[in-house]
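# Structure for the following, please:
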Amino acid sequence: MFLLFPFLFLLTQFSPQQVPELAELVWAFKNTVFQALLSSVCSLLLGVWATFGILNFSSGKNRLRLVLEVLCLVPNFLPPLFILLSVLNVVDPFPMGIIGIALVHTVMNFGLVAVLFTAVIENKVGGVAELSYVEGASRFQFITRGLLPMLKKDLWLLGLFIFVVCFGSFSVPLIVGGGKGTTIEVLIYEKIRLSSDWGSAVFLAAIQSIFIFSLSLIVTQGKGSLATRYANLSLLRMKSGIAIIIAISLMYLTGYVQGLIAGFGMMSTLYEYQSALIWSFLGSIVIGMTVGVLCYAGLMLIAYCWPKPWFEKFLNGYVAPSTSLACFCLLILTPNESFYPFIKIPVALVLLSLNGLFRMGWDSELRSLQSQLNVAYAMGASPNQIFKEVMFPQISARAGVLAGIGAVWACGDFAVSRILAHRDLSIAMMTETLMSSYRLNQATVLSLLIVVAGIICFSLCVGGSRVLRRKLTS
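Here you go, the predicted model:
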């Protein structure tokens, strides 16, 4: 019920009489579709190119390959705030609007495409690559006549996945969208915060949720080509793919370091925030740890209910609500003063991130225990006994790591917090405030405290899960 809460709430609050102006709706929808389409196409092009660089090294324990994959995944793993700061520092003047949104989305997602498509190629191209190599086919011939026709459905599903992610993006359009790049998410935010037009906000949230859900059904139900076997992929190895990964990585790393160097020279301008910094840092820790604890509890609850087939199907088909929808539901339930934002913000972040954490390895972790669960049930063990004695000791550490990742994301969040709080409660919100006033260098320096808060929260989540495992199993 917790995961379905935003959708059920929307059904009870939706009023078809309250709709925004058609021209405004079409304009925002067009912007959203265009930026998502441009982002997915650019991410696919650069991601496929980077794939040919990763393929220069064999899969397994090759250290150089591991370095390339880490460089690819870092932008997608980090909170968007860091990539925004890096790109804004290095690209000057920055093209605010749809082009700017697509640029940031591409930097964030191209590496994910590269890593995923590399796995697809290594598992599915098989003997065709070896046969083409033996018969003397050129790289261009193999790519155009062999690889792309074989994997066109995989590419389509991968591109659609990136499109859905970018379509529902809120933090990036909020910062770099400008007046000409307003998306549906940002328009909902403006309807709520600027004009208090709740009816139009609900209508927009309904349209967006239905659209994302429809596309997500295609992504979750679609299947790529059949797997064959690992093979010699010499035809697909390109040194330029390595150069692309290094160039993009150097771009955002250079931008961040450049902002730090310039920001340290302006440290005196941050003295006025000294007292606020302490409370905001503590606020980041509180929000991060609350999200970590709730994510850990949510993952354990999933594990407790796991053997039920209907529950597994529900989780595999579940689509997280849009940011605006989740925040909208929580915004009008209780007041937004006093301690309430410290409850609402973590709940919203867990709603948005729990499904992603489930797909980051929690599902495979639970499936690996299936044979043990079958034996335990056959021997007459109760569900409580199975969870406590069989599952918990083996999965607590992984749950702690995933909860720590959720806590890191929470420490770097400013978009959800900006909707649910009327003032700066965390370092991420203070950083976003400085960015909005074009004080990028000071914002970059301030973001270092987000790193510190994230490390603290991650360490506490991982360490706490291990301590809890020892306490409950001793």
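# Low-confidence ranges, the stretch 201-350 of the chain, go.
For the stretch 201-350 of the chain, the stretches with pLDDT under 70 are 219-234, 271, 307, 312, 316-321.
# what do you get if the cut-off is 80, keeping everything else the same?
Low-confidence regions of the stretch 201-350 of the chain, defined by pLDDT under 80, span residues 201-202, 205-206, 209-210, 212-237, 267-275, 306-326, 328-329, 331-338.
# ranges for the helices of it?
Using DSSP state H, counting those that start in this stretch, the helices of the stretch 201-350 of the chain run over 239-264, 274-305, 309-317, 323-331, 341-357.
# got the angle for the fourth one vs helix 341-357?
What separates the directions of helix 323-331 and helix 341-357 is an angle of 140 degrees, with axes from the mean of the first three to the mean of the last three CA atoms, to 10 degrees.
# can you pull the buried residues of stretch 82-93?
Within stretch 82-93, the residues scored as buried using 16 or more other CB atoms under 10 Å are 82, 83, 84, 85, 86, 87, 88, 89, 90, 91. In short, each C-beta sits where N, CA and C put it, glycine included.
# Sketch out the low-pLDDT regions of the stretch 51-200 of the chain for me.
For the stretch 51-200 of the chain, applying pLDDT under 80 flags the ranges 58-62, 122-148, 179, 192-200.
# still on that earlier bit, can you redo the buried residues of stretch 82-93 as TSV, where the extra columns are secondary structure?
Output for the buried residues of stretch 82-93, formatted as TSV (DSSP: H, G, I helix; E, B strand; the rest coil):
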residue	secondary structure
82	helix
83	helix
84	helix
85	helix
86	helix
87	helix
88	helix
89	helix
90	helix
91	coil
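# mind checking which of the helices of the stretch 201-350 of the chain is nearest residue 164?
Closest approach to residue 164 among these (CB to CB): helix 341-357, 12.5 Å.
# what sits against residue 454?
Counting by CB atoms under 8 Å, 6 or more residues apart in numbering, residue 454 touches 288, 407, 408, 411, 412.
# Among the residues you listed, name the ones in helices.
Using DSSP state H, the subset of the contacts of residue 454 located in helices is 288, 407, 408, 411.
# For the second one, give its distance to residue 303.
What that stands for is residue 407. For residue 407, the distance to residue 303 equals 19 Å [CB to CB, to the nearest Å].
# for the first one, same thing?
For residue 288, the distance to residue 303 equals 23 Å [CB to CB].
# neighbour-wise, which of the two wins?
residue 288 (31 against 21; other CB atoms under 10 Å).
# picking up where we left off before, of the contacts of residue 454, just say which sits nearest to residue 266.
When the contacts of residue 454 are compared for distance to residue 266 (CB to CB), residue 412 wins out at 22.1 Å.
# Now that closest one: closest residue in space that isn't a chain neighbour?
Nearest non-adjacent residue to residue 412, counting by CB to CB, 6 or more residues apart in numbering: residue 79, 2.4 Å away.
# Quick check, the one you found in contact with residue 415.
No - with contacts counted by CB atoms under 8 Å, residue 79 stays clear of residue 415, the gap being 9.9 Å.
# higher neighbour count, these two?
Ranked by neighbour count (other CB under 10 Å), residue 79 and residue 415 place residue 415 first, with 27 against 21.
# Using CSV, write out the CA atom coordinates for whichever strand or helix holds residue 140.
Taking DSSP states H and E as the definition, one finds residue 140 inside helix 139-142. Written as CSV, here are the backbone C-alpha positions of helix 139-142 (Å, rounded to 0.1, in the frame of the first residue of the first chain):
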residue,chain,number,x,y,z
ARG,A,139,34.0,-3.3,-38.9
PHE,A,140,31.5,-1.1,-40.7
GLN,A,141,29.9,-4.1,-42.5
PHE,A,142,29.6,-6.1,-39.3
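# immediately after it, which helix or strand?
helix 148-167.
# For residue 386, grab the count of nearby residues.
20.
# Show me how the record splits the chain into domains.
Residue ranges for the domains of the chain, per automatic domain parsing: 1-257, 265-474.
# Is residue 178 in a helix, a strand, or coil?
Applying three-state DSSP: residue 178 is coil.
# what's the helix or strand for the closest residue to it other than its chain neighbours?
Once flanking residues are discounted, residue 178 sits nearest to residue 96: 3.6 Å by CB to CB, 6+ apart. In the assignment (DSSP H and E), residue 96 maps to no helix and no strand.
# Near the closest residue to residue 293 other than its chain neighbours, how many other residues are there?
Nearest residue to residue 293, sequence neighbours excluded (CB to CB, 6+ apart): residue 403, at 7.3 Å. Using other CB under 10 Å, residue 403 has 30 neighbouring residues.
# Residue 403: what's it in contact with?
Residue 403 is in contact with 292, 293, 295, 296, 299, 357, 461, 465, counting by CB under 8 Å, 6+ apart.
# rewinding a little: between the ones in helices among the contacts of residue 454, which has the most around it?
Greatest neighbour count in the ones in helices among the contacts of residue 454, by other CB under 10 Å, goes to residue 407: 33 neighbours.
# for that residue, what are its contacts?
288, 289, 291, 292, 295, 454, 457, 458, 460, 461.
# quick one: which of these is nearest residue 347?
The nearest one, if we look at those relative to residue 347 and count by CB to CB, is residue 291, at 8.9 Å.
# Now do the same contact list for the closest residue in space to the closest one that isn't next to it in sequence.
Spatially, and ignoring its direct neighbours in sequence, residue 291 is nearest to residue 410 (3.8 Å; CB to CB, 6+ apart). By CB under 8 Å, 6+ apart, residue 410 lies in contact with 287, 288, 290, 291, 292, 345, 346, 349, 353, 457.
# hmm, 6 Å instead?
Taking CB atoms under 6 Å, 6 or more residues apart in numbering, we find residue 410 in contact with 287, 288, 291, 349.
# per-residue confidence at it?
For residue 410, the pLDDT comes out at 93.
# How far away from the center of its chain is the helix or strand where residue 376 lies?
Using DSSP H and E, residue 376 falls within helix 370-378. The gap between where helix 370-378 is centred and where its chain is centred comes out at 34 Å by CA atoms, centre = their mean, to the nearest Å.
# In this structure residue 235 contacts residue 139, no?
Yes - shown here, residue 235 and residue 139 form a contact pair, counting by CB atoms under 6 Å, at 5.2 Å.
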